[in-house]
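# Show me how the following folds:
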Amino acid sequence: MAMYLRRAISSRNSIMLLRSCNCIIQTRNISHHLLSNSGIREAQNLPSFDFLKDHRRGFAKGKKSKDDYAGDTVQVVHDIGPTIKAGAASQMEAAIVALSRELAKLRTGRASAGMLDHIIVETDGVKLPLSRLAVVAVMDPKTLSVNPYDPNTIKALEKSIVSSPLGLNPRVDGERLIASIPPLTKEHMQAICKVVSKSCEDVKQSIRRARQKAIDTIKKAGSSFSKDDIKRLEKEVDELTKKYVKSVEDICKAKEREIIGG
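Residues are numbered from 1 along each chain as shown. This next block holds a predicted model:
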């Protein structure tokens, strides 16, 4: 009897032990199953980080360094040489035009239509250059005629010419004025020649200033030119300067001959 009891108890314990083991095993399987399924779902929901690597690689390949951009930049260097020379020539030409106007105002022994251009005439309270009110013509080497556009201004024209420093005494001839050019004295000739000489030097200085301005501009833009180009441009500006200086000297010499020969 006791033997049967021991067997029954042992069998019962074995069965309970087996059941406990099965529960543990099933619990482990279920936990593993749940963890596996949740892991799959989470893995499906989580984004892949491989694209970051790919993106970084692509960005690194596509990115350009400063050197790359510098290599792609096209630098256009404009040739400002012709502009510099044209500017200098324009200033030098303006100086010669101003000289011609000043010399035309000087009285010589010969009649010149331009010698009256600087005279200012006041009529009806308005001051205007004589050239705006009348046409001046050379009748002969010693005589000028002044033909007003409006005959009513003839008296104002006569008054302005008489009061000018030219020393002329025009006379009324119908609707025009006749002005005889008196001969110059030796002293007057010398005084006028000095004025011409001073005007000549002043204009040459203006031309040299235009040259220096052009040279300074070339030097400031030195990075845009090679050394050979700088020397070439400076030489061309110097040649331009010599050309205009010679023109000034020729104009002044011609004026002096006109004064002395008149």
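# how far away is residue 162 from residue 107?
14 Å (CB to CB, to the nearest Å). C-beta here means a position set from N, CA and C on the backbone, and glycine is covered the same way.
# Show me which of those two is the more surrounded one.
For residue 162 versus residue 107, neighbours defined as other CB atoms under 10 Å are more numerous around residue 107 (21 against 13).
# quick one: average pLDDT of stretch 225-233?
For stretch 225-233, the mean pLDDT works out to 83.
# Quick one: low-confidence residue ranges for this structure.
By pLDDT under 70, the low-scoring segments of the chain are 1-79, 222-223, 262.
# mind listing the helices for it?
2-45, 50-62, 66-72, 81-105, 130-133, 154-163, 186-220, 227-261 (DSSP state H).
# what residues are shared contacts of residue 162 and residue 107?
residue 168 (CB atoms under 8 Å, 6 or more residues apart in numbering).
# contacts for stretch 172-180?
Under CB under 8 Å, 6+ apart, the answer for stretch 172-180 is 139, 142-148, 151, 154, 157-158, 161, 168-171.
# Return the members of those residues classed as buried.
Buried members of the contacts of stretch 172-180, scored by 16 or more other CB atoms under 10 Å, are 144, 145, 146, 148, 154, 157, 158, 161, 168, 170.
# hey, what's the fourth one bridged with?
In this case it means residue 148. Legend: beta-bridge partners of residue 148 under DSSP bridges are residue 134.
# so it touches residue 157, yeah?
Yes - taking CB atoms under 8 Å as the definition, residue 148 is a contact partner of residue 157 at 5.8 Å.
# Give me the common contacts of these two.
133, 134, 177.
# ok, so of these, who is nearest residue 251?
Among the shared contacts of residue 148 and residue 157, residue 134 lies closest to residue 251 (CB to CB), at 26.3 Å.
# and the gap between that closest one and residue 81?
47 Å.
# okay, those two: which has more neighbours?
Taking other CB under 10 Å, residue 134 and residue 81 do not tie; residue 134 has more neighbours (22 against 18).
# which residues touch the more buried one?
146, 147, 148, 149, 153, 157.
# which residues touch residue 130?
116, 117, 119, 120, 121, 136, 146, 157, 160, 161.
# For the closest residue in space to it that isn't next to it in sequence, grab phi and psi.
Excluding the flanking residues, the one nearest residue 130 by CB to CB, 6 or more residues apart in numbering is residue 119, at 4.4 Å. Dihedral angles of residue 119 (phi, psi; degrees, to the nearest 10) stand at phi -70, psi 130.
# Neighbours of residue 119, how many?
Count around residue 119 with other CB under 10 Å applied: 22.
# repeat for residue 175
Neighbour number of residue 175 under other CB under 10 Å is 11.
# Going forward, count from 416.
Renumbered: residue one is now 416, and that last one reads residue 590.
# Distance of it relative to residue 524?
28 Å.
# Same question for residue 496.
Residue 496 is 47 Å from residue 524, by CB to CB.
# Could you do residue 582 as well?
For residue 582, the distance to residue 524 - CB to CB - is 12 Å.
# Those two: who's more crowded?
Using other CB under 10 Å as the criterion, residue 582 and residue 524 rank with residue 524 on top: 18 against 11.
# The more buried one touches residue 601, doesn't it?
No - in this structure, residue 524 is not within contact of residue 601 by CB under 8 Å, at 11.4 Å.
# if we can go back for a sec, which of the buried ones among the contacts of stretch 587-595 lies closest to residue 676?
residue 559 (18.0 Å).
# That closest one: what's it in contact with?
526, 528, 530, 531, 551, 552, 553, 585, 593, 594, 596.
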